[in-house]
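Engineer: coords please:
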Amino acid sequence: MSGWTVDEMPAMDGETVVVTGANSGLGYEGSKAFADAGATVVMACRSEARGEEAATDIRRTVRGGHLEVRVCDLADLDSVAAFAAGLREEADGIDVLCNNAGVMAIPRGETADGFEMQLGVNHLGHFALTGHLLPELRASEGESRVVTQSSQAHTAGEMDFDDLQSEREYGKWSAYGRSKLANLLFAYELQRRLREADADVTSVACHPGYADTDLQFRGPREMGSSVRMGMMKVANKLFGQSAERGALPMLYAATSPEVTGGEYVGPGGFMRMRGSPEFQRSNAASNDEADAERLWAVSEELTGVEYDCE
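Structural biologist: A predicted model of the protein is given here:
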């Protein structure tokens with residue numbers, strides 16, 4: 001896959017792609033590339049207004065495809081369920097689900113359902129969404145894919161099941177690392193379950209390296225820290241690759257015929273922060289099958305969403 005670019009994406013005419021967090025950053029660039037390849041892209045956004053603004057911008061530049069904005073707040077399981085129900089009523093199968101949206105290193109907060117915000121949005125919201133949409137993924141003609149966006153920050157994560165919601169002790173970066181580790185445990189466990197059921201759905205994980213997006217600024221913004229905002233701007237300028245380049249691993253994971261399931265795709269350049277997508281290996285904790293099964297059971301209990309992979 002050396003030097004892979006969006007120009008190598010296959011035609012996606014007639015395919016339906018769902019992208020969470022589609023109004024900015026990696027989700028915006030991914031939506032643009034999918035639409036340019038001819039797909040119908042459902043832009044799942046927390047804000048309908050920001051989603052429509054992004055869709056209008058994308059329509060000015062793409063050659064084809066179709067963009068549809070729908071509200072999906074991953075910090076509210078009722079919103080997730082409503083989004084999925086609406087999509088099930090109208091969509092005739094889903095070919096790709098990109099679990100892309102996320103929050104990073106923010107002060108401790110809770111979702112509408114009382115989950116720690118980073119775990120709730122980054123993992124539990126996507127766990128529920130994928131479970132709700134699994135019948136539509138299975139209804140797609142041919143193979144469909146679930147692409148879950150993780151991060152190299154997963155290496156700093158630890159699955160403390162006795163304090164999963166960080167109620168006793170909270171660190172914004174350790175909580176972020178835990179949520180990104182949870183993304184990988186979920187993606188790999190989903191693939192194992194789909195393979196065992198011989199389902200024509202593939203689960204794959206990816207990470208963007210260090211991409212210059214708005215993700216880095218939410219934490220400093222919520223803290224009201226202009227100093228941290230300035231530091232992030234400098235770091236992004238020095239180390240970050242563009243959001244367009246950062247979206248390449250997700251796009252490769254979603255479309256490449258080389259993907260068979262259970263892979264981890266990320267940029268292969270300097271310190272895995274930038275460069276063309278390649279297959280990589282995540283850390284040992286993310287490959288702990290016992291933790292993956294335990295997280296799955298806890299996630300079903302917390303979200304009330306059970307998977308039917310058979």
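Engineer: going forward, measure contacts between C-alpha atoms and count neighbours the same way
Structural biologist: Fine.
Engineer: what sits against residue 50?
Structural biologist: residue 23 (CA atoms under 8 Å, 6 or more residues apart in numbering).
Engineer: again, only this time at 10 Å
Structural biologist: If a contact means CA atoms under 10 Å, 6 or more residues apart in numbering, then residue 50 has 22-24, 56, 69 as its contacts.
Engineer: make a PyMOL selection of whichever of those turn out to be buried.
Structural biologist: To isolate the buried ones among these in PyMOL, judged by 16 or more other CA atoms under 10 Å, type:
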select buried, resi 22+23+24+69
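Engineer: among the contacts of residue 50, which one sits closest to residue 136?
Structural biologist: Nearest to residue 136, judged by CA to CA, of these is residue 69 at 18.1 Å.
Engineer: helices of the stretch 51-200 of the chain, start to end?
Structural biologist: 77-90, 117-119, 126-139, 172-196 (DSSP state H, counting those that start in this stretch).
Engineer: wait, which of those helices is closest to residue 16?
Structural biologist: Nearest to residue 16 among the helices of the stretch 51-200 of the chain is helix 126-139 (9.8 Å), distances taken as CA to CA.
Engineer: in the closest one, which residues are buried?
Structural biologist: Here helix 126-139 shows 126-139 as buried, counting by 16+ other CA under 10 Å.
Engineer: for the stretch 1-150 of the chain, just list every one of the strands.
Structural biologist: Using DSSP state E, counting those that start in this stretch, the strands found in the stretch 1-150 of the chain span residues 16-20, 40-45, 66-71, 96-99, 144-149.
Engineer: tell me what angle the last one forms with strand 16-20.
Structural biologist: Spelled out, it's strand 144-149. Here the directions of strand 144-149 and strand 16-20 differ by 20 degrees (axes from the mean of the first three to the mean of the last three CA atoms, to 10 degrees).
Engineer: and which of the contacts of residue 50 is nearest residue 252?
Structural biologist: Nearest member of these to residue 252, counting by CA to CA, is residue 22, at 17.0 Å.
Engineer: my guess is that closest one contacts residue 43, does it?
Structural biologist: Yes. At 5.2 Å, residue 22 and residue 43 qualify as touching, with contact defined as CA atoms under 10 Å.
Engineer: between the two, what contacts are shared?
Structural biologist: Once CA under 10 Å, 6+ apart is applied, the residues that residue 22 and residue 43 both contact turn out to be 28, 31, 51, 54-55, 69.
Engineer: residue 197: which of these is nearest?
Structural biologist: residue 31 (30.1 Å).
Engineer: residues contacting that closest one?
Structural biologist: Going by CA under 10 Å, 6+ apart, residue 31 touches 17-24, 37, 39-43, 54-55, 58, 65-67, 98, 247, 251.
Engineer: quick one: buried ones out of the residues you listed?
Structural biologist: Using 16+ other CA under 10 Å, the buried ones in these are 17-24, 37, 39-43, 54-55, 58, 65-67, 98, 247, 251.
Engineer: list the contacts of residue 202.
Structural biologist: Shown in contact with residue 202 (CA under 10 Å, 6+ apart): 96, 137, 143-147, 187, 190-192, 194-195, 254, 259-263.
Engineer: kindly recompute the last result at 6 Å.
Structural biologist: By CA atoms under 6 Å, 6 or more residues apart in numbering, the contact list for residue 202 reads 145, 261.
Engineer: now the residue nearest the centre of the chain: how far from residue 272?
Structural biologist: Per CA atoms, centre = their mean, the C-alpha nearest to the average position across the chain is that of residue 100, at 2.2 Å. Distance, residue 100 to residue 272, by CA to CA, to the nearest Å: 19 Å.
Engineer: same check on residue 68?
Structural biologist: Separation of residue 68 from residue 272 (CA to CA): 33 Å.
Engineer: comparing the two, which residue is more hemmed in?
Structural biologist: Neighbour tally, residue 68 and residue 272, criterion other CA atoms under 10 Å: the higher count belongs to residue 272, 18 against 13.
Engineer: compute the number of surrounding residues for the closest residue to the more buried one other than its chain neighbours.
Structural biologist: Nearest residue to residue 272, sequence neighbours excluded (CA to CA, 6 or more residues apart in numbering): residue 209, at 5.7 Å. The local packing of residue 209 (other CA under 10 Å) involves 29 other residues.
Engineer: how about the contacts made by the closest residue to residue 165 other than its chain neighbours?
Structural biologist: Nearest-residue entry for residue 165: residue 116, 5.0 Å, with adjacent residues in sequence omitted and distances by CA to CA, 6+ apart. Shown in contact with residue 116 (CA under 6 Å, 6+ apart): 109-110, 165.
Engineer: rerun that using 7 Å as the cut-off
Structural biologist: Going by CA atoms under 7 Å, 6 or more residues apart in numbering, residue 116 touches 108-110, 165-166.
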